[in-house]
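**Student:** Here is my input, please return the structure:
(one chain, ligands or ions: 2)
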Amino acid sequence: MKITVLSDGGWGTALASVLCDNGHAVTLWGPFPDYLEEMRRTRRNERFLKGIELPPALVLEADLAKACAGSSILVLAAPSQFMRGMLTKLRDVPRESDVIYLNVAKGIETDTCKRMSELVAEILGSVRYAILSGPSHAEEVARRVPTAVMTASKDAEAAMTVQSVFMNQYLRVYTSDDVVGAELGGSLKNVLALAAGVLDGMGMGDNTKAALMTRGIAEMARLGEALGGRHETFSGLSGIGDLIVTCSSRHSRNRHVGEELGKGRKLEEIQREMGMVVAEGVKTADSAYQLARRTNVVTPIIDEVYTSLYQGKDPRQAVRDLMLRDPKPELPRRTA
Ligand SMILES: NC(=O)C1=CN([C@@H]2O[C@H](COP(=O)(O)OP(=O)(O)OC[C@H]3O[C@@H](n4cnc5c(N)ncnc54)[C@H](O)[C@@H]3O)[C@@H](O)[C@H]2O)C=CC1
Ligand SMILES: O=C(CO)COP(=O)(O)O
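**Tutor:** Ligands and ions are numbered 1, 2, ... in the order given. Now for the predicted structure:
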């Protein structure tokens, strides 16, 4: 099958390698032709996925129309804040009529607060859409470390196609029909990963991290359900699974940003140091905060991340305020 991966970040590159391993004809497109040329010369993507050799069969193509021609799956691998621009370019390019758009980004557009499926529908209309999500750092998938993810689509056939195309001995893929839950799980966990990093940076303990993750998933599920996701999805790979990996992994960019903030550094300086590498949670904290206001869902941790990032609140004060919220039961009391 011809499959095109749109955007040359770490994740797009790792997934392109999986697809090459699985014997597909894979093309990788990137937004910067000069950088694509450098990758073609070195057969590496040192900017976004260090130390990994690109598969010999992987085609690198700077022309979007050529890259997409004849493809059965277009993997949308741009960070979410660049997705609108990429989809707008894609609209003007000839594509197969039954092509599957597989989003692998984990974020919510700022200003509009749109999930990626909403953005695809707005720009491309009613098309076959699926999302791939779950605990999966590019650095490990590219090294063929056993990993499990899920793909969600309203179109059962599309989900099964994605499953069969990506699945192999080191990548296990489950299917689901909960697109909203999967999109929100993958996006909201990045905001909590920032908080987890802040705790690391401040030198807090394992108890604190476990409390954050447990109360964090409750918050994600509450907001996710209010926005149309299924509660059970947040107990799965795209919920608690991804939250665990992102809050604890040395590979996580979001946890890294949080850790530097927790050491007292400024956000602008940390992001400048990361260059073009993206930590989605920074923007998603804003969208998540807005979505919680719209739905009247109580999201104390997301709110503290938002005020620490955007209103200059001291993260130590944020932790104190979370600890001293009104006492509550963990679960509502059983009446019978
Ligand atoms: N890296 C990972 O392990 C995983 C990442 N994801 C998600 O995949 C999406 C892409 O992330 P990564 O591949 O990690 O990105 P990255 O941080 O490795 O690379 C940044 C990407 O943004 C593009 N870019 C930079 N400036 C741009 C601009 N001005 N206009 C258009 N494109 C621009 C770059 O070409 C590159 O493709 C994100 O939503 C991320 O949350 C999901 C699962 C795993
Ligand atoms: O989504 C991811 C792993 O599943 C990547 O997380 P980071 O963006 O924090 O690196």
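
**Student:** Only C-alpha atoms from now on, for both contacts and neighbour counts.
**Tutor:** Noted.

**Student:** Going along the chain, name the strands of the chain.
**Tutor:** 2-6, 25-29, 44-45, 49-53, 59-60, 73-76, 100-103, 128-133, 147-152, 171-176 (DSSP state E).

**Student:** Could you name the helices and strands sitting against the second one?
**Tutor:** To tie it back to what came earlier, the one meant is strand 25-29. Applying 3 or more CA pairs under 8 Å, 6 or more residues apart in numbering; DSSP states H and E, one finds that strand 25-29 contacts strand 2-6, helix 10-21, strand 59-60, helix 64-68.

**Student:** what's the answer for the first one, then?
**Tutor:** Under the contact definition 3+ CA pairs under 8 Å, 6+ apart, strand 2-6 sits against helix 10-21, strand 25-29, strand 73-76.

**Student:** To ligand 1, which of the ones you listed lies closest?
**Tutor:** For those, the distance to ligand 1 is smallest for helix 10-21, at 3.7 Å, taking CA to the nearest ligand atom.

**Student:** For that closest one, buried residues please.
**Tutor:** For helix 10-21, the neighbour count (16 or more other CA atoms under 10 Å) marks Gly10, Trp11, Gly12, Thr13, Ala14, Leu15, Ala16, Ser17, Val18, Leu19, Cys20 as buried.

**Student:** sorry, back to before: so which of the helices and strands packed on strand 2-6 comes closest to ligand 2?
**Tutor:** helix 10-21 (8.3 Å).

**Student:** you'd agree Val179 is up against Tyr129?
**Tutor:** No - in this structure, Val179 is not within contact of Tyr129 by CA atoms under 8 Å, at 9.1 Å.

**Student:** what touches both of these two?
**Tutor:** Shared contacts of Val179 and Tyr129, defined by CA atoms under 8 Å, 6 or more residues apart in numbering, comprise Ser117, Ser153, Lys154.

**Student:** buried subset of those?
**Tutor:** Ser117, Ser153.

**Student:** Please list the members of the shared contacts of Val179 and Tyr129 that lie in helices.
**Tutor:** Members of those lying in helices (criterion: DSSP state H): Ser117.
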